[in-house]
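Asks: build the 3D model from these lines:
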Amino acid sequence: MDHFTDLAMFRRMYSLVFRIALLLSLVALLSGCEASLFASLNATDRRAGITTQAGVVFDAEHHLKLDIYRPASATRAPIVVFFYGGSWVRGERAWYRFVGTALASHGVIVVIPDYRKYPQVKMDGFMQDAARAVAWAHDHAGELGGTPDDVFVMGHSAGGQIGALLATDPSWLAPHDLRPDELAGFIGLAGCYDFMPIPANEKDMLGMFGRDAAAQARAQPVRFVRGVEPPMLLLQGNADQEVEPSNAVSLARVLHMHHDDVTLRLYPGVGHNALVFALSRPFHTDAPTLDDVLRFIHAHPMASVR
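Replies: Sure thing, here's the model as predicted:
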């Protein structure tokens, strides 16, 4: 066996051992120790040619900040505002550095904001935070190296619901003189789009979204489709045990009925967290998440062109 064969075998073995270690860390995730898991994941993600700004204040009143990941020489680059998941009750922007670096290494500017969670606020609170973050990205697009008409919204799980509401219900962006159709596109990763009625045992969801049908309907992106939405990419694993794939299928069906530009991708055997973890280096081969996201962004370069 020659030197190069030995080296290749060593790299494969190292990769396997590291993946096993990270998969074991998922046990910690299920036990509520998300910070440890994400720290391990982000420790693998060193990429050259990216500049990072952490802790930029976008809402001083509520002490909300965002992190920015940019290609070092960004010029008129697309911008993605990414909303993380966590059942609307937990999560931190710093955990998702791997999302920012993955996209920035392919020429995309990424803005990852925090938002207030339940029970500190209900739906109106975190939706207002999200709209304010998108407005900030729109207003500062030129300074970031992008353009205001090339701002995408992207979210995973609960963050997908937040992003999808911004892209469908015009009431959230209206206070900032923006409309959903001014977004360059929406990218949903296992988002919650059609989840009525909320089960009686989901106490947190009932608390943040309401107990009656009219209140819950305000949280359903599928209820606001009117045929003037931005282009959408809906990615979903069909092995997802947390967010039913029917959410993505339902939203895609309604968008098709209104002749909107929508692409639905169902990944066989892919689970809820695996869908977003595939944006990281150790798990990038588990699902074609990154390739599909980049393909969508480059196929819909400017909202104004539409």
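
Asks: for the record, mean pLDDT for stretch 287-302?
Replies: Stretch 287-302 shows a mean pLDDT of 94.

Asks: likewise for stretch 179-197?
Replies: On average, stretch 179-197 scores 97.

Asks: one more: stretch 78-98?
Replies: 97.

Asks: point out where this structure drops to low pLDDT.
Replies: Counting by pLDDT under 70, the ranges of the chain that qualify are 1-33, 46, 303-306.

Asks: now with 80?
Replies: 1-41, 43-48, 301-306 (pLDDT under 80).

Asks: tell me where it has strands.
Replies: Using DSSP state E, the strands of the chain run over 50-59, 64-71, 77-83, 109-113, 146-156, 185-189, 232-237, 262-267.

Asks: need those strands in TSV (columns: distance to residue 38 and mean neighbour count).
Replies: C-beta here means a position set from N, CA and C on the backbone, and glycine is covered the same way. Below are the strands of the chain laid out as TSV (distance: least, Cβ to Cβ, whole Å; neighbours: other Cβ atoms under 10 Å):
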stretch	distance to residue 38	mean neighbour count
strand 50-59	15	14
strand 64-71	13	21
strand 77-83	14	26
strand 109-113	12	27
strand 146-156	13	25
strand 185-189	16	28
strand 232-237	19	27
strand 262-267	22	19
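
Asks: distance to residue 37 added to these, as TSV?
Replies: Shown next, in TSV, are the strands of the chain (distance: least, Cβ to Cβ, whole Å):
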stretch	distance to residue 37
strand 50-59	20
strand 64-71	18
strand 77-83	18
strand 109-113	17
strand 146-156	15
strand 185-189	17
strand 232-237	18
strand 262-267	21
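
Asks: for these, which one sits closest to residue 175?
Replies: Closest approach to residue 175 among the strands of the chain is made by strand 50-59 (13.0 Å; Cβ to Cβ).

Asks: what lines up beside that closest one in the sheet?
Replies: Strand 50-59 has the following strand partners under DSSP bridges: strand 64-71 (antiparallel).

Asks: can you list contacts of the strand it pairs with?
Replies: 49-58, 77, 93-94, 97, 100-101, 103-105, 107-116, 129, 132-133, 136, 144-145 (Cβ atoms under 8 Å, 6 or more residues apart in numbering).

Asks: list the residues that contact residue 236.
Replies: Residues in contact with residue 236 (Cβ under 8 Å, 6+ apart) are 189-190, 243, 245, 247-249, 264-267, 275.

Asks: go on, residue 191?
Replies: Here residue 191 is in contact with 155-157, 159-161, 163-164, 221, 234, 243, 247-248, 251 (Cβ under 8 Å, 6+ apart).

Asks: what do you get if the cut-off is 7 Å, keeping everything else the same?
Replies: 155, 157, 160-161, 164, 247 (Cβ atoms under 7 Å, 6 or more residues apart in numbering).

Asks: ok, residue 227 - how many residues close by?
Replies: If you count neighbours by other Cβ atoms under 10 Å, residue 227 ends up with 11.
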